[in-house]
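Participant: Structure for this input, please:
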Amino acid sequence: MTGQLSAGSLVPPEPVRRTRVMTADGLRLNVESHGPQDPGVPTVVLIHGWTCSVPFWAPVIRGLRDDLRVIAYDLRGHGQSDPARPGGCTVEALADDLEAVLDQTLPRGGHAILAGHSMGGMSIMAAALRDSVLSRTDGVLLASTGSANLIGEALAVPFGAFIPAFVTLQHWLLTSAAPLSPFGYLIRPLLGYMTLGPDAPAEVEAVNAAIIAACDRRARAAWGHVLAGIDVTDGVRRLDVPVHVLVGSADRLTPPVHARRVARLLPQLAGLTELPGVGHMTPLEAPAVVTELIRKLAAGAGTSA
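Facilitator: Numbering: from 1, shown residues only. Purely as a prediction, here's the structure:
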């Protein structure tokens, strides 16, 4: 049961505070803070995935902000964050940027629950190799993500995991900088097929397509090349905090095989949830489930940030 979207829940809420976090290499990341700002309130940090941005988390933010401090940021090259410089899209940069957000948004001695979707989950896995990040993390939600072999096991193209020519096509889809606009009216259903479950509501399909289409095509391609060869498996093994893994059964980009593999490697698996009929965009398709899992991790941490 994924829950019904309430009217207006997909509209990005106005943050209590919007700041710019400086990265290790001098970029400025857009960071939004929602909910109570009291230092004693538990903090949740939301990290979106490839081609998305902070508005992707709108229904989850609305579900958490009454009593949790919610921090959400745009990855470099996404949303309102600065574009990456040449060579600036790397696995290390994902970890650097998450570390910078924690450094500049958590109070001294503060901790957080981290929730990462897709490449956001990979950001957490990459950063788990750093004591400076792991020591401030009380729990993690890994939603619709994987640690390695993304192209080889993706199903974005029918039979794409089995026929070599289709594997090549999936690689092109991941790494191409081709503009989406010439495809016009085809973009929404195409992106829906690739990223959403078959029963996703029309309003979710529309918002999903708008968010992805807004991503700069150069950033899309640069990060696509990173994802094509990413391997953050060592970070999974070191993620020694309670971690819940979430995946949709109809996820074509990171099918359930990824979630199951990650779950087997985690030192402290808090749970593995597979949602029937849900696609890759779990925070948009099943925000009630995502919100509930984050709340359980926050309650289980028993610490203040």
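Participant: What residues of the helix or strand harbouring A270 count as buried?
Facilitator: Per DSSP states H and E: A270 is located in strand 269-275. Going by neighbour count (16 or more other Cβ atoms under 10 Å), the buried part of strand 269-275 is A270, L272, T273, L275. For glycine as for every other residue, the C-beta is placed from the backbone atoms N, C-alpha and C.
Participant: Please tell me I have it right and the third one contacts G248.
Facilitator: No - look at T273 against G248 with Cβ atoms under 8 Å: they stay out of range, at 9.6 Å.
Participant: any low-confidence regions in the stretch 1-150 of the chain?
Facilitator: 1-7 (pLDDT under 70).
Participant: What ranges does it have for its helices?
Facilitator: Remark: helices of the stretch 1-150 of the chain, listed N- to C-terminal, are 58-64, 91-105, 119-127, 131-134, 150-153; assignment by DSSP state H, counting those that start in this stretch.
Participant: would you put the C-alpha positions of the fourth one in PDB?
Facilitator: Going back to what we said before, that points to helix 131-134. Listed next in PDB are the C-alpha coordinates belonging to helix 131-134 (Å, rounded to 0.1, in the frame of the first residue of the first chain):
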ATOM      1  CA  ASP A 131      34.600   8.700   9.300                       C
ATOM      2  CA  SER A 132      33.600  12.400   9.200                       C
ATOM      3  CA  VAL A 133      30.300  11.400   7.600                       C
ATOM      4  CA  LEU A 134      29.700   8.100   9.200                       C
END
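Participant: what does it rub up against?
Facilitator: Around helix 131-134, the neighbours that count as contacts under Cβ atoms under 8 Å, 6 or more residues apart in numbering are A95, L98, E99, L102, A127, A128, R238, L239, D240, V241.
Participant: Quick one: the helices of the stretch 1-150 of the chain as JSON lines, columns for distance to L75 and mean neighbour count too.
Facilitator: Converted to JSON lines, those look like this (distance: least, Cβ to Cβ, whole Å; neighbours: other Cβ atoms under 10 Å):
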{"stretch": "helix 58-64", "distance to L75": "16", "mean neighbour count": "24"}
{"stretch": "helix 91-105", "distance to L75": "7", "mean neighbour count": "21"}
{"stretch": "helix 119-127", "distance to L75": "7", "mean neighbour count": "29"}
{"stretch": "helix 131-134", "distance to L75": "16", "mean neighbour count": "15"}
{"stretch": "helix 150-153", "distance to L75": "17", "mean neighbour count": "19"}
